[in-house]
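Novice: Provide a 3D model corresponding to the input given below.
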Amino acid sequence: MSAKRPIYPQVFLLIVSLFLIGCAVRDEQATLLETNCALPCWNGIVPGETSKEDVLKIIATLENVDKKSIREVEFGGAYAERLMFNMNTGVLFRPQYVTLSFKGNRVGSIGFWGDLNLTLGQMVELTGQPEWVDRWWDRVGYEFELLNPKQGVTFGMIVEEGQEITEKDRITGVELFSPDEFQLLVDSHMIAPRGSFVELMRKVTPWTGYGNIDEKYPMRFPSAE
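Specialist: Purely as a prediction, here's the structure:
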């Protein structure tokens, strides 16, 4: 009876092949960039303008939307209705989620969350230099959010103390909105969900580029005037 041939080389090659295929697919997946219009518009959905009925029609035509995951959720506040769904990224364990909020029958904001396959440098190139930076502690770590209200976009990531902020840092959240509704969105805790617009303006730091986070963007807390 002949000895069985070891399967380790074949398993190793299979794992490497799957990894390379995953990377190739991943390079094609950047949900935020798969659009036919300029931000803050996304695939014809314009914050502050597009109706809920038109949003549902548009989403139904997007191939990379997981149609089975579409769900509507009710919250309180000015942007009470939410529409949520997952994206088909083609990559295991790298989820992407989209949340749309509605004020009345119009889209208020479009949020993208998860492994977005976008870097800080790409977002700055795409939307311009951020105006402000907000930083706060959350349960999963320090949130680092860059705000560009005139362009109708904020984006952020999880950071560590003493971290060197570089253009290669990966973005984990993006929010698109109408610049005219920025203050209301902040007061409604849809953007920078820590306090009111007045409090936010007391603790943001102007964006001055890449570098050590503690030196350039130290934690600040709103103080009463």
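
Novice: Strands of the chain, start to end?
Specialist: Using DSSP state E, the strands of the chain run over 71-74, 81-86, 96-103, 106-114, 132-138, 141-148, 153-159, 164-165, 173-177, 205-206, 211-212.

Novice: Mind putting those into TSV with mean pLDDT and distance to E49?
Specialist: C-betas here are computed from N, CA, C, even on glycine. Converted to TSV, the strands of the chain look like this (pLDDT from 0 to 100; distance: least, Cβ to Cβ, whole Å):
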stretch	mean pLDDT	distance to E49
strand 71-74	92	20
strand 81-86	94	16
strand 96-103	93	11
strand 106-114	94	7
strand 132-138	87	25
strand 141-148	91	19
strand 153-159	94	16
strand 164-165	96	34
strand 173-177	95	11
strand 205-206	94	30
strand 211-212	96	38
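
Novice: so which of those strands gets nearest V198?
Specialist: Closest approach to V198 among the strands of the chain (Cβ to Cβ): strand 132-138, 13.6 Å.

Novice: returning to what we had before: I'd like to know which of the strands of the chain is closest to C37.
Specialist: Nearest of the strands of the chain to C37, taken as Cβ to Cβ: strand 173-177 at 11.0 Å.

Novice: Pull out the buried residues from the closest one.
Specialist: G173, V174, E175, L176, F177 (16 or more other Cβ atoms under 10 Å).
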